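**Q** A structural model of the following input is requested.
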Amino acid sequence: METSAERPYSLHSENECDRLEFQAQVARIEEHLRYLDIPARARILDAGCGSGSMTRLLAKHYPGASVTGFDLNTDYLAYARARAAAEGLGNVAFEPGDLQAMQFADASFDAVWSKFVLFFLPRPEDAVRELRRVTRPGGQVTVALIHANWIHHYPVDPALQRDLARVMPMIADIYLAERLPLMFMRAGLVDVTMRAEADRLNTYIGSASAAQRRNVEDLLRGGRPAVIRALGSEAAADLFVKAYLDYIDRSDTCSYTMLWFVQGRAP
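**A** Have a look, this model is predicted:
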């Protein structure tokens, strides 16, 4: 079966930047800042910045810092630049490129942040080596990834669980997080740690909230081609989407997803 490692970003749509902005609100990304150890006047890289929501947050939280958003998609970068300009942020810049082979010089940044993007890449181990390469000695690398997204539910619906196990690896490498600490060590990062918390986007005790449900609907709309490939037809994809939304609408179900924060320092 084809996996996410063999194709481009699976969630792209014309409205993806708007979805990413909404997703950042639902995820409460401002709470991620507690995991970061960043000097006041640091050079910061947001690797795989998408719509630039975290880039802008970092720029606001560290006004003395210089923050660079980096992404392969130039349309996303145009959106990010426009949002940063509208918010009057003068300490941000956005540059295009491939995380697996970045153009930055060695030891360019005091801190590197990346969320979600690595499990969409064909060669995440190359990206980790690049994140380490561009980090200055003593600088921190932080990668946030959902682990086993949409896989753990109770009570289990066998038919839905079967389809989830086929669909989700087509959307992303959903088990990359558990391999990431060793990738960090092999790339030469030290003091590697992993901390985890319940992911606010995809953990539901009882019914999903209206905002969570909207994010799922929007994500599946963008990821529809991947769902069709996984299940073999548009009809099967439609049945899957309805079954999943019906499940997370129920008050007698629980869904559990963990967000991992893997960190290391450049020696």
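**Q** ranges for the strands of the stretch 51-200 of the chain?
**A** Applying DSSP state E, counting those that start in this stretch to the stretch 51-200 of the chain gives strands spanning 66-71, 92-96, 109-115, 135-154, 190-198.
**Q** Now do the fourth one, average pLDDT.
**A** Put plainly, it is strand 135-154. In this model, strand 135-154 has a mean pLDDT of 97.
**Q** Pairing partners for that strand, with directions?
**A** strand 109-115 (parallel), strand 254-265 (antiparallel) (DSSP bridges).
**Q** any chance of the strands of the stretch 51-200 of the chain in TSV, plus distance to Ser13 and mean neighbour count?
**A** In this view, the C-beta of every residue, glycine as well, is placed from N, C-alpha and C. Shown next, in TSV, are the strands of the stretch 51-200 of the chain (distance: least, CB to CB, whole Å; neighbours: other CB atoms under 10 Å):
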stretch	distance to Ser13	mean neighbour count
strand 66-71	16	25
strand 92-96	19	18
strand 109-115	19	24
strand 135-154	18	20
strand 190-198	27	13
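**Q** okay if I get those strands as TSV plus distance to Arg123?
**A** As requested, the strands of the stretch 51-200 of the chain are exported to TSV (distance: least, CB to CB, whole Å):
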stretch	distance to Arg123
strand 66-71	16
strand 92-96	18
strand 109-115	14
strand 135-154	15
strand 190-198	20
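**Q** Tell me which of those strands lies nearest to Cys17.
**A** The closest of the strands of the stretch 51-200 of the chain to Cys17 is strand 66-71. By CB to CB, the value is 10.4 Å.
**Q** neighbouring contacts of that closest one?
**A** 42-50, 52, 55, 58-59, 77, 80, 91-97, 99, 102, 109 (CB atoms under 8 Å, 6 or more residues apart in numbering).
**Q** The strands paired with strand 135-154 into JSON lines, with extra columns for distance to Arg229 and mean pLDDT?
**A** JSON lines is the format used below for those (distance: least, CB to CB, whole Å; pLDDT from 0 to 100):
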{"stretch": "strand 109-115", "distance to Arg229": "25", "mean pLDDT": "98"}
{"stretch": "strand 254-265", "distance to Arg229": "23", "mean pLDDT": "98"}
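**Q** any chance of the ones you listed in CSV, with distance to Ala127 too?
**A** Compiled in CSV, the strands paired with strand 135-154 are given as follows (distance: least, CB to CB, whole Å):
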stretch, distance to Ala127
strand 109-115, 8
strand 254-265, 13
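**Q** Of the ones you listed, which is nearest Asp37?
**A** Per CB to CB, nearest to Asp37 of the strands paired with strand 135-154: strand 109-115, 7.6 Å.
**Q** how distant is the closest one from the center of its chain?
**A** Centroid separation for strand 109-115 versus its chain: 13 Å, with CA atoms, centre = their mean, to the nearest Å.
**Q** Pull the residues that contact it.
**A** Against strand 109-115 from outside (CB under 8 Å, 6+ apart): 29, 32, 36-39, 42-48, 54, 58, 68, 99, 127, 131, 134-136, 139-145.
**Q** Hey, what's the angle from it to strand 66-71? Just curious.
**A** Put simply, strand 109-115 runs at 40 degrees to strand 66-71, going by axes from the mean of the first three to the mean of the last three CA atoms, to 10 degrees.
**Q** The residue lying closest to Asp37 once chain neighbours are set aside pairs with what?
**A** Spatial nearest neighbour of Asp37, chain neighbours left out: Gln140 (5.4 Å); criterion: CB to CB, 6 or more residues apart in numbering. Gln140 has these beta-bridge partners by DSSP bridges: Ala111, Arg265.
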